[in-house]
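> next input, structure requested:
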Amino acid sequence: MYTVQAILQLARVDSSILAFLSLFIPIYARTHDLTVSIERAIPLLFICMGAFIANDLDDLERDQINHPERPLPKRRLSLTVAALLFFICLALALFLTKRYVDERIAFWYYGLATVSISYGYVVEWLPSIKAPYVAVAISVPVLIVAASYPAEHHLYVVAVAGFMLALGRELCMDIADRAGDVRSAMHRIPESRLAVTAFISQTIGWALLVLQIRRTLDLLAAVFLAIVLLIAGIWWFRAKKYIMASRLMKLAFLVGMYFLL
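Alright, predicted model coming up:
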């Protein structure tokens, strides 16, 4: 049971399921076909799980400083097992994409897999672009939905909004991880200024979603998103509760996905 828990934590199953749902729910809302929706979304689950495992393998030394509670720095799981799990996830992701995804949009799946496993090189050699790089990867599920339904032009605006929300959170997470990260040009920016930039980015994302309001439920979602971001800002700047603020930013991204429906 202890090992299973470590594997679930290593693969960030909660975040991977969130990525799965960000694709499954919009597709099901349009097709009302459970089988098709699962088939199109399941490769994303394994792509994300593999990406998180690869990330922890690449970041082992940094995580000993920034995240010592994770399974690999804590030695709750061996590197051999972690590497084996990565290749299993990668193989399943490629096979399921080939088997179930239309060739017209399969590029986005393969692209996300490539971007995910290349993350370690960005962290090591191009650390200044780490936050936007991750934000692009997080936005790919939205782009997959947009590519699947090209007539719905507003989905590309939602994709940009998702990028801005994700970018803001990633910038804040970079602030929290500065001690163990490779030094870059970003380290010359004061933490307070970078945090302000992060919340401006999220505010822009929120504003783009506001432009998509067409129904009462859209308005309620936008208001709820604004409240979540406001509380996250208060926790970050005044209460200094960085972990809780980061979790709220993750919730904000999830709320923003409502506009994919």
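
> just for the chain, where's the confidence low?
1-2, 180 (pLDDT under 70).

> just the helices in it please.
Listed in chain order, the helices of the chain (DSSP state H) span 2-10, 13-31, 34-58, 60-66, 79-100, 103-117, 119-125, 130-148, 154-176, 191-210, 216-237, 242-256.

> among those helices, which comes closest to residue 73?
The closest of those to residue 73 is helix 60-66. By Cβ to Cβ, the value is 4.7 Å. Every C-beta, even on glycine, is put in place using the N, C-alpha and C of the backbone.

> buried set for stretch 123-142?
123, 127, 130-142 (16 or more other Cβ atoms under 10 Å).

> coming back round to it: adding distance to residue 183 as columns, could you present the helices of the chain in TSV?
Putting the helices of the chain into TSV (distance: least, Cβ to Cβ, whole Å) gives the following:
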stretch	distance to residue 183
helix 2-10	27
helix 13-31	27
helix 34-58	17
helix 60-66	12
helix 79-100	26
helix 103-117	23
helix 119-125	12
helix 130-148	12
helix 154-176	12
helix 191-210	14
helix 216-237	23
helix 242-256	20
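
> which of the buried residues of stretch 123-142 sits closest to residue 98?
residue 140 (17.7 Å).

> which residue is the nearest non-sequential neighbour of the closest one?
With sequence-adjacent residues excluded and distances taken as Cβ to Cβ, 6 or more residues apart in numbering, residue 140 is closest to residue 112, at 4.5 Å.

> contacting residues for the one you found?
44, 47, 137, 140 (Cβ atoms under 8 Å, 6 or more residues apart in numbering).

> now do 7 Å
Counting by Cβ atoms under 7 Å, 6 or more residues apart in numbering, residue 112 touches 47, 137, 140.
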